[in-house]
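Chemist: coords please:
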Amino acid sequence: DEEAEIVVDATPVAPTPYVPTSETPAVAVATTKKSSNPPPRCAEGGIWGKVSYAGNTTTMIALIGCLCVGPFACLICCCPQDEMDAYAVNGRLYDAQGNLTEGGFVPERNRMNR
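Modeler: Predicted coordinates:
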């Protein structure tokens, strides 16, 4: 076995000191998204979010659950698994087509503006 010799040829460099600039740093601000595009027949100024409802996914889980645990699987209807977009304005809740709807509204998560 031959041994190889490694030679490092480097030039030392002095570190550059940090000099703060006079520019104002960008600050990210988290806000709730105000709507500029409401559904048809809805007023401006509301917020978009999600509504849970008992739809196809919830029904399929309940049916499969009935095969495994019997009628106790119907309790899944208390915790709906389907979601749809919803728009809340003036104390009312609308779906994306502008129709009144009901459900547990959850506003969109805060987004960071740039």
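
Chemist: which regions of the chain sit below the pLDDT cut-off?
Modeler: 1, 18-36, 110-114 (pLDDT under 70).

Chemist: all helices of it, in order?
Modeler: According to DSSP state H, the chain carries its helices in the segments 56-69.

Chemist: Identify the spatial nearest neighbour of Q97, chain neighbours not counted.
Modeler: P39 (6.2 Å; CB to CB, 6 or more residues apart in numbering). Bear in mind the C-beta positions are built from the backbone N, C-alpha and C, glycine included.

Chemist: Contacts only, for the one you found.
Modeler: 87, 94-98 (CB atoms under 8 Å, 6 or more residues apart in numbering).

Chemist: Buried members of those residues into PyMOL, please.
Modeler: Selection command for PyMOL covering only the buried members of these, criterion 16 or more other CB atoms under 10 Å:
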select buried, resi 87+94+95
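
Chemist: can you pull out the strands in the protein?
Modeler: For the chain, applying DSSP state E gives strands covering 29-31, 47-53, 82-89, 92-95, 104-107, 111-113.

Chemist: Format those as TSV; extra columns: distance to V8.
Modeler: Formatted as TSV, the strands of the chain follow (distance: least, CB to CB, whole Å):
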stretch	distance to V8
strand 29-31	48
strand 47-53	59
strand 82-89	59
strand 92-95	68
strand 104-107	58
strand 111-113	45
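
Chemist: what's the closest of the ones you listed to A14?
Modeler: strand 111-113 (37.8 Å; CB to CB).

Chemist: Of all the strands of the chain, which one is nearest A10?
Modeler: strand 111-113 (41.9 Å).
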